[in-house]
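> I'll drop the sequence and a predicted model, then ask my questions.
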Amino acid sequence: GAGFAAATPIGQVVIRDAAAHRYTPEAYPATLLVVDLGGDDTYEAQVAANATVDNPVSVLVDLGGADTYGYPVRASSLDTPETLPSDEAGRARSGAGAPSMSRTGRQGSARLGVALLYDLGPQGDRYQSLRMSQGFGALGVGGLYDEGGDDTYSLEAGGQGAGILGIGALVDGGGRDRYTAWAFAQGYAYVRAVGMLYDADGDDVYDSKVTPILYPSPQSRGSNSSFTQGAGFGRRADGVPDRLSMSGGVGILRDRRGADRYTSGVFAQGTGYWGAMGMLLDGAGDDTYDARWYVQGAAAHYAWGALVDGGGRDTFNMSATRENMTAGAGHDFSLGILLNLGPEADVYGVPNLALGAGNANGAGIFADEGGDDTYSARSALTVGNAALETLTDPGRLMRPTAGIFLDGAGDDTYDRMPAGPVGNDRVWSQRIHPEAPSERGFGADGAGALGLW
């Protein structure tokens, strides 16, 4: 029965009891502090979000209940059964897709301020928003903390731990959670930003939608341009009139425990682009990774990307369309790393430029600690190999391009076309162009291989 409400110049202060409540935009246009003492609540207002420039701080603390965080739906003719329903901003056709035009941040969305959402209790909660939500910071600090339960997080773009000139974080205390987004989410950082998604425990699903296409990829015609699941992104302006390039931020996805599934398209799962850093750090568990291009410890253009898996029987790209740059690959003065720990047997299916491969003065490092692993590759530029894109540039010729592959103990199977020198209990060196000594590819398979690391 407790209750309190007061208006202040920077937003409402509200306390409500443990009954089930509904928070609407009309009743709560801008909130400074909301404390809800429990119950199965429904939030449609911009709680835990900076609603205006005069509302620099917005905090929500919900002490329990199976809560629903959403928004007022306004159907658009461009909505489809596969997309999230629109809000009042609708959608607009752009190339191959029709992305949301929403400008309303929700659920831990900080813009020019601080916005924090704390959802306590063991119940499962449901979060749904379109853009700039669920732990998002732009010139501010935005955070979402959910203590536990089997939660679902649905988003189109910009959130689930994402920052643009700011800090965005989503922290989940445990449970069998599902994270869905199209782009720029799940541990994503743009210029001068940090974005982090941290999940403490549970068998989780991280679904970065490959299709339907809302944000078309220049690399893959059949995929969204993802930048998800530990992705850093910078502004490349060599083809832009202002030529104002800016290094990207640091994006991190950390999942401590559980048998998890990661699905994405292009630029994902520990990736960096243009002076940025991206990391996917997964703890113990039998995990599944599927993605297409610039993924799983891959980086391009002065960037750094890493995927570290703490153990378990893991599979890579058994259901994905395999295209390019996967599993420890670096392109154009970049470093990509995939490190898989533990003695379990793992399965890797990869395209070109993968499994410890460097391209155009990049470096790729791949290491698997042990187990009876299976490697399937359909390119010579894999399994510890290196290639220059051009042999006519003296500057590039004199700088190294490196690929390193290390596999520890186990009876491993290699299926590579062409086969080359790779194999179980072997040490090898290789390069794509024999006439280019700056190409340096190296591989070792054996009980002592990781000692070389």
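Received the coordinates, thanks. Numbers count the residues shown, from 1 in each chain.
> what is the mean pLDDT for the helix or strand containing residue 255?
Assigned by DSSP states H and E, residue 255 belongs to strand 250-257. For strand 250-257, the mean per-residue pLDDT is 98.
> Identify the residues contacting it?
The contact list for strand 250-257, computed with CB atoms under 8 Å, 6 or more residues apart in numbering, reads 161-162, 186-189, 193-202, 204, 206, 227, 229-233, 270, 276-285. Quick note: C-beta positions are derived from backbone N, CA and C, even for glycine.
> The residues you listed, buried ones only, as a PyMOL selection?
Command for PyMOL that selects the buried part of the contacts of strand 250-257, burial taken from 16 or more other CB atoms under 10 Å:
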select buried, resi 161+162+186+187+188+189+193+194+195+196+197+198+199+200+201+202+204+206+227+229+230+231+232+233+270+276+277+278+279+280+281+282+283+284+285
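> Would you map the helices across the stretch 251-400 of the chain?
394-397 (DSSP state H, counting those that start in this stretch).
> and the closest residue to residue 11 other than its chain neighbours, how many neighbours does it have?
Nearest residue to residue 11, sequence neighbours excluded (CB to CB, 6 or more residues apart in numbering): residue 32, at 3.4 Å. Residue 32 sits with 18 neighbouring residues when counted by other CB atoms under 10 Å.
> If I follow the layout properly, residue 32 ends up in contact with residue 9?
No. The criterion here is CB atoms under 8 Å, and residue 32 misses it with residue 9 at 9.3 Å.
> what's the pLDDT at residue 452?
62.
> Numbering from 57 from now on, please.
In the new numbering, first residue 57, that becomes residue 508.
> what's near enough to touch residue 67?
86, 87, 88, 89, 107, 111, 113, 114.
> how about a cut-off of 10 Å?
Contact analysis of residue 67 by CB atoms under 10 Å, 6 or more residues apart in numbering lists 84-90, 102-103, 106-108, 110-115.
> likewise residue 465?
So residue 465 contacts 399, 425, 426, 427, 428, 481, 501, 502, 503, 504, 505, 506 (CB under 10 Å, 6+ apart).
> how many other residues sit next to the nearest residue to residue 129 once chain neighbours are set aside?
Leaving aside its chain neighbours, residue 129 sits nearest to residue 141 (4.5 Å; criterion: CB to CB, 6+ apart). A count of nearby residues for residue 141, using other CB under 10 Å, gives 16.
> Quick check: buried residues in the helix or strand of the chain with the lowest mean pLDDT?
Every helix and strand in the chain was compared by mean pLDDT, DSSP states H and E; the lowest is helix 450-453, with a mean of 92. Neighbour-count burial for helix 450-453, with 16+ other CB under 10 Å as criterion, is recorded at 452, 453.
> who touches that helix?
388-389, 416-417, 444-447, 491-495.
> With neighbour count, pLDDT and distance to residue 125 added, can I get those residues in JSON lines?
Output for these, formatted as JSON lines (neighbours: other CB atoms under 10 Å; pLDDT from 0 to 100; distance: CB to CB, whole Å):
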{"residue": "388", "neighbour count": "18", "pLDDT": "97", "distance to residue 125": "41"}
{"residue": "389", "neighbour count": "17", "pLDDT": "98", "distance to residue 125": "42"}
{"residue": "416", "neighbour count": "20", "pLDDT": "98", "distance to residue 125": "45"}
{"residue": "417", "neighbour count": "24", "pLDDT": "98", "distance to residue 125": "46"}
{"residue": "444", "neighbour count": "22", "pLDDT": "97", "distance to residue 125": "50"}
{"residue": "445", "neighbour count": "13", "pLDDT": "91", "distance to residue 125": "47"}
{"residue": "446", "neighbour count": "8", "pLDDT": "90", "distance to residue 125": "51"}
{"residue": "447", "neighbour count": "12", "pLDDT": "93", "distance to residue 125": "56"}
{"residue": "491", "neighbour count": "8", "pLDDT": "94", "distance to residue 125": "60"}
{"residue": "492", "neighbour count": "16", "pLDDT": "94", "distance to residue 125": "55"}
{"residue": "493", "neighbour count": "11", "pLDDT": "95", "distance to residue 125": "58"}
{"residue": "494", "neighbour count": "16", "pLDDT": "96", "distance to residue 125": "53"}
{"residue": "495", "neighbour count": "24", "pLDDT": "97", "distance to residue 125": "52"}
